[in-house]
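Peer 1: For reference, the sequence and a predicted model appear below.
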Amino acid sequence: MRKQDTAEWNSADMMNVAAARELRDGDVCLVGVGPPNLAANLARRTHAPNCRLVYESGAIDAKPRRLPLSIGDDDLAATATAVVSVPEMFNYWVGAGRIDVGFLGAAQIDRFGNINTTVIGEHSDPKTRLPGAGGAPEIAAAAGRVIVIVKQSPRTFVEQVDFVTSVGYGPSGRERQAPGAGPTLVITDHGVLEPDPQTNELTLTRLHPGVTVEQAREATGWPLKVADSIKSVEPPSEVELTALHRLRNREAVDA
Amino acid sequence: MRKQDTAEWNSADMMNVAAARELRDGDVCLVGVGPPNLAANLARRTHAPNCRLVYESGAIDAKPRRLPLSIGDDDLAATATAVVSVPEMFNYWVGAGRIDVGFLGAAQIDRFGNINTTVIGEHSDPKTRLPGAGGAPEIAAAAGRVIVIVKQSPRTFVEQVDFVTSVGYGPSGRERQAPGAGPTLVITDHGVLEPDPQTNELTLTRLHPGVTVEQAREATGWPLKVADSIKSVEPPSEVELTALHRLRNREAVDA
Amino acid sequence: MPSPVPLSEAIAAHVHDGDTVALEGFTHLIPFAAAHEIARQGRRHLTLVRMTPDLVYDQLIGLGVADELVFSYGGNPGVGSLHRLRDAVEKHWPHRLVVHEHSHAGLANAYVAGAARLPFAVLRGYRGTDLEEQRDIISRVTCPFTGEELAAVKAVNPDVTVIHAQLADRDGNVMLWGITGVQREAVLAAERAIVTVEEVVDEFPEHTGAVILPNWVLSAVSVVPGGAWPSYAAGYSVRDNDFYQQWDAISRDRTAFLQWAKDNGLPAAQEEVTAHA
Amino acid sequence: MPSPVPLSEAIAAHVHDGDTVALEGFTHLIPFAAAHEIARQGRRHLTLVRMTPDLVYDQLIGLGVADELVFSYGGNPGVGSLHRLRDAVEKHWPHRLVVHEHSHAGLANAYVAGAARLPFAVLRGYRGTDLEEQRDIISRVTCPFTGEELAAVKAVNPDVTVIHAQLADRDGNVMLWGITGVQREAVLAAERAIVTVEEVVDEFPEHTGAVILPNWVLSAVSVVPGGAWPSYAAGYSVRDNDFYQQWDAISRDRTAFLQWAKDNGLPAAQEEVTAHA
């Protein structure tokens, strides 16, 4: 248990709650497996009931009654306004720029928001074979804004990613050539990083309760840039925690 | 009434019957409006009950109970095995080469089977504006074999078409670059023309009953090549005529 | 998000002079009522896009609404010519109509590219045809893997697409079925989309082959029962084949056409001009 | 034209050593039973294509069926790694596995191109990623109208595609619904297609979003109720999430995996070799 953890919530809860808060009511949100799935469904059950969930399996406006265990759950198709084929999802919806917010995870991320989910080591002979790209490269390119959810550690926040699976702002922060705004937020178990408006370097702008700048620096594999006036993130509210725990327990709610 | 017309049938009937006979049971046949529609449905009601009718409106394996008046009739969708979108029809079915037989009409055709359905005169300032391409260019390119149904006259059978809407064998008969075999048969109210195996020049190989080679030559705007041993087409049978008249009267049959 | 609005409001808000407008529906679900409302409001200088201009564009062209036409098959299906289209192209009545023409495969893929917000689409087709001379909309690309040369069409992205559908639900999502043509792509390719529907229901029924469009890709939904007449809406009406026949006579003659326009309250650009100029 | 045949016959007739084989189904309708039959018949040197290898390819890879893998996301959804896939790539057990990897958008479009018998597809994607270094399958093309540079993917055309569907009718036409993924494209891109179905019915029900494949694009239909387990068939079964969890432990360990294979009558290439080589 980390320093900032309490009896009521831990750093993973804080990370999910912080991510959920970034969704606005009415946002069209592309949801992947894992933390994004939790965050998006949490938003829908708290402050953003009209947040529109799109799953790359083809479900548009899915209204899952329970937290789906995979992006291909029957509940998604059964509750969606429409279900389209996977090619249509990527061509007409993701690629066409109809997604307001895309969530991504990362095995490695660098200071310019470039993400690796492919391999540690050489691609042809990797030390660790990771799952690969999935929908990430095109979400990273085309979503209006991208929120990365990832635990902060020197192994994950690296000087240089072993493989660029999804482009943030490019090798030096200036190479991004894509319709979307890129990774506008990186939400970790320590706080929130945002690209510097001039250089696109990820900058620590908010800290979760109980976390220090020093801890965040230690969890980062490069000299971490810190905002002049760093903000504190509000701890999870009772309402948020209740909804989160119900989701995790896969309790059903009326859609 | 032409010379070969009888009380029982006329040259248009003969043309439709001759076209229908070319369909084999099991053929996947792309059907357009007009004579092709009549011929394909005639085949289905006579010798080729398992001929598979595909309409460019998206209906696959349509089994119309009455002769459809347009390629978008409800009866086509209601009786089809599947209805797909128009882009899918052209990309996955026509373009992909899944059509065995395509029927085409023509406002002008030249000796190498190149077809004009676009304009008489200049494209930018035409004397006569014709309907245009529709599905024809891709059917002409991709169907396994193409059957052209067109009444023969010097205005239609021309030395050079004003506009190439659909390619047969190209300007000199040797330029065809397409997956399908091209216009393997041109069925007219006079007889049947087939491309010469060496030169691809359309050659009169069969005459309808009562028509002479001389009449066919007179109805052709170029010196018509005639096969050494020209065959006679069998007149429409009682069964064929009955089915044809029922189709024209839009009588329903059990699909 | 669209709760139903009167058609006149939808057209006034979203269709402007000079717009590129696509009214789609392949024989089935042709949005005639919306087209007439566009004419009634006196829109001019439109670029009209449609695979099969059909009677709906023959009428708009005759009324002088369009300056340009993008299409792939301009006949009266099963009947013959579109006489107003021909008169505009051949005799420039009521004024000159510039045409950009595709094959069905070409225009369908131009919408596909538009829906994906890609600048072009690749297809097998056009090779050796004179349609390729329209190099601003039809070109070629080479496969980077095999070296094969293929046709390319420029994307179509209408300012506004209008379609007719069977149903909307209470949230303004829309459902159509039967022959669904290129409507999904035409709506998704457009900047704005207007849908007229037969009726509003609490819940959509099951229909194999149905297309559902979520409310957030639509600008307006209007309830217009019979809005596809003389075309049809599967489950609601049948095609008025007699009108398609009658149109041949009406449209063949400028005076008869202008009388038809007047009888239907549709202002014609040339109504003050001598009919047989 | 396919009247139902036993699955063993369908696999024996249509899946050969060295073939490129796609088993598709996106979480839903994964053709596990067909995969096991392929393994049971001892097929070797396959190139396996699938967007999400999932447990179905983890099993085949562990059994030594595949030499190459074309994929876009190789995880156990919601659980973690595919350990047999990792072991093959990282430690070459039971032998080296060559991977060709796409994004979802890339592989979906590779199937789209394959279904259209085009040599490549264009998409927005890949720009600036290291995936582009696989130049034999990912390249770029320039729009002939705008000059914009876009990604291109080489078409995928499997020798055989296998899917699981809910229904066949008496004529051997096939219907699937729910999440239909990329199955339509995977079937149409293939030289041959095999479908396992839950049951045969006289007439298809109405299902919005259903895909229907006519019998003449299929090589064989086999009736295999539960053929998607531990994945699911909407309307017939639910996903066995417990098995997906359990697989993590089974697959993590070579001995446990080989025991699982033995228990299920699936011959493993390495069963005679020391498990912890």
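Peer 2: Structure received.
Peer 1: now C:Leu55: how far from C:Gln246?
Peer 2: Distance of C:Leu55 to C:Gln246, given as C-beta to C-beta, to the nearest Å: 10 Å. For the C-beta atoms, the positions are set from N, CA and C on the backbone; glycine is no exception.
Peer 1: quick one: which of the two has more around it?
Peer 2: Neighbours were counted for C:Leu55 and for C:Gln246 using other C-beta atoms under 10 Å in any protein chain shown; C:Leu55 has more, 24 against 14.
Peer 1: Pretty sure A:Asp61 sits in a helix.
Peer 2: No. When the secondary structure is assigned by DSSP: H, G, I helix; E, B strand; the rest coil, A:Asp61 falls in strand instead of a helix.
Peer 1: Near it, how many other residues are there?
Peer 2: 21.
Peer 1: where does it land on pLDDT?
Peer 2: Turning to A:Asp61, the model gives it a pLDDT of 96.
Peer 1: thought it was touching A:Ala77?
Peer 2: No. Contact between A:Asp61 and A:Ala77 fails when scored by C-beta atoms under 8 Å: they sit 11.5 Å apart.
Peer 1: could I have the helix or strand harbouring C:Glu198 exported to CSV, CA atoms only?
Peer 2: Remark: C:Glu198 resides in strand C:192-201, with elements defined by DSSP states H and E. Provided in CSV are the C-alpha atoms of strand C:192-201 (Å, rounded to 0.1, in the frame of the first residue of the first chain):
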residue,chain,number,x,y,z
ARG,C,192,-24.7,18.1,-41.6
ALA,C,193,-27.5,15.5,-42.0
ILE,C,194,-31.3,15.9,-42.1
VAL,C,195,-33.6,12.8,-41.9
THR,C,196,-37.3,12.7,-42.6
VAL,C,197,-39.0,9.7,-41.0
GLU,C,198,-42.4,8.0,-41.4
GLU,C,199,-42.9,7.9,-37.6
VAL,C,200,-41.4,8.0,-34.1
VAL,C,201,-41.5,4.9,-32.0
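Peer 1: contacting residues around the following helix or strand past that strand?
Peer 2: Moving toward the C-terminus from strand C:192-201, the first helix or strand encountered (DSSP H and E) is strand C:211-213. Outside strand C:211-213, the residues within contact range by C-beta atoms under 8 Å, 6 or more residues apart in numbering or on different chains are A:81-82, B:85, C:165, C:173-177, C:180, C:183-184, C:187, C:193, C:195, C:204, D:208.
Peer 1: Quick one: residues in contact with the helix or strand following strand C:211-213.
Peer 2: For strand C:211-213, the following helix or strand on the C-terminal side (DSSP H and E) is strand C:220-223. Strand C:220-223 has contacts (C-beta under 8 Å, 6+ apart) with C:2-7, C:9-10, C:13-14, C:34, C:168, C:172, C:174, C:194-200, C:215.
Peer 1: Mind listing the strands strand C:220-223 pairs with, and their directions?
Peer 2: Looking at strand C:220-223 with DSSP bridges, its paired strands and their directions are strand C:192-201 (parallel).
Peer 1: Please enumerate the strands of chain A.
Peer 2: In chain A, strands defined by DSSP state E lie at A:28-31, A:52-55, A:59-62, A:82-83, A:101-104, A:108-109, A:115-116, A:119-121, A:126-129, A:145-149, A:183-187, A:191-195, A:202-207, A:225-232, listed in chain order.
Peer 1: One more: the stretch 101-250 of chain C?
Peer 2: In the stretch 101-250 of chain C, strands defined by DSSP state E, counting those that start in this stretch lie at C:120-123, C:138-142, C:149-154, C:160-169, C:174-176, C:192-201, C:211-213, C:220-223, listed in chain order.
Peer 1: Does chain B have contacts with the third one?
Peer 2: No. With C-beta under 8 Å from any C-beta of the partner chain as the threshold, strand C:149-154 lies outside contact range of chain B, at a closest distance of 9.1 Å.
Peer 1: Please point out which parts of that strand sit buried.
Peer 2: Applying a neighbour-count criterion of 16 or more other C-beta atoms under 10 Å in any protein chain shown, one finds C:Leu150, C:Ala151, C:Ala152, C:Val153, C:Lys154 buried in strand C:149-154.
Peer 1: and residue 164, what does it touch?
Peer 2: Defaulting to chain A. Under the criterion of C-beta under 8 Å, 6+ apart, the contact list for A:Val164 reads A:Asn114, A:Ile115, A:Asn116, D:Gly128, D:Thr129, D:Asp130.
Peer 1: Correction: the question concerned chain C.
Peer 2: Neighbouring residues of C:His164 by C-beta under 8 Å, 6+ apart: C:25, C:29-34, C:176, C:195-197, C:224, C:227-228, C:233.
Peer 1: can you do 6 Å?
Peer 2: Listed by C-beta atoms under 6 Å, 6 or more residues apart in numbering or on different chains, the contact partners of C:His164 are C:Leu29, C:Pro31, C:Thr196, C:Gly227, C:Ala228.
Peer 1: From chain B, how far out is it?
Peer 2: As judged by C-beta to the nearest C-beta, to the nearest Å, C:His164 and chain B stand 13 Å apart.
Peer 1: And for the closest residue to chain D within chain A, the neighbour number?
Peer 2: Taking C-beta to the nearest C-beta, chain D has its nearest neighbour within chain A at A:Gly72, 2.1 Å off. With neighbours defined by other C-beta under 10 Å, the count for A:Gly72 comes to 29.
Peer 1: wait, doesn't it sit right on D:Thr180?
Peer 2: No. Counting by C-beta atoms under 6 Å, no contact exists between A:Gly72 and D:Thr180, whose distance comes to 10.6 Å.
Peer 1: tell me, how many neighbours does the residue in the stretch 101-250 of chain A positioned nearest to chain B end up with?
Peer 2: With C-beta to the nearest C-beta as the measure, the residue in the stretch 101-250 of chain A that lies nearest chain B is A:Glu138; the distance is 20.6 Å. For A:Glu138, the number of neighbouring residues by other C-beta under 10 Å comes to 33.
Peer 1: And it, how far from A:Ala181?
Peer 2: Plainly put, A:Glu138 is 15 Å away from A:Ala181 if you go by C-beta to C-beta.
Peer 1: Then C:Gly128?
Peer 2: For C:Gly128, the distance to A:Ala181 under the criterion C-beta to C-beta works out to 45 Å.
Peer 1: So between those two, which is more surrounded?
Peer 2: Taking C:Gly128 and A:Ala181 together and counting by other C-beta under 10 Å, C:Gly128 has the greater number of neighbours (21 against 12).
Peer 1: and the nearest residue to the more buried one once chain neighbours are set aside, what does it touch?
Peer 2: The shortest distance from C:Gly128 to any residue other than its chain neighbours is 4.0 Å, reached at B:Val167 (C-beta to C-beta, 6 or more residues apart in numbering or on different chains). By C-beta under 6 Å, 6+ apart, the contact list for B:Val167 reads B:Asn114, B:Ala140, C:Gly128, C:Thr129.
Peer 1: how about 8 Å then?
Peer 2: Neighbours of B:Val167 in contact, by C-beta under 8 Å, 6+ apart: B:Asn114, B:Ile115, B:Pro137, B:Ala140, B:Ala141, B:Glu175, B:Arg176, B:Ala178, B:Gly182, C:Arg127, C:Gly128, C:Thr129.
Peer 1: Read off the pLDDT value for the closest residue in space to C:His207 that isn't next to it in sequence.
Peer 2: In this structure, C:His207 finds its nearest non-sequential neighbour in C:Trp177, 4.0 Å apart by C-beta to C-beta, 6+ apart. C:Trp177 carries a pLDDT value of 98.
Peer 1: Would you check that C:Trp177 makes contact with C:Gly209?
Peer 2: Yes. Taking C-beta under 8 Å as the definition, C:Trp177 is a contact partner of C:Gly209 at 5.7 Å.
Peer 1: gap between the nearest residue to C:Pro6 once chain neighbours are set aside and C:Ile179?
Peer 2: Among residues not flanking C:Pro6 along the chain, C:Ser222 sits closest, at 6.4 Å (C-beta to C-beta, 6+ apart). As defined by C-beta to C-beta, C:Ser222 lies at a distance of 22 Å from C:Ile179.
Peer 1: With that, I have no additional questions.
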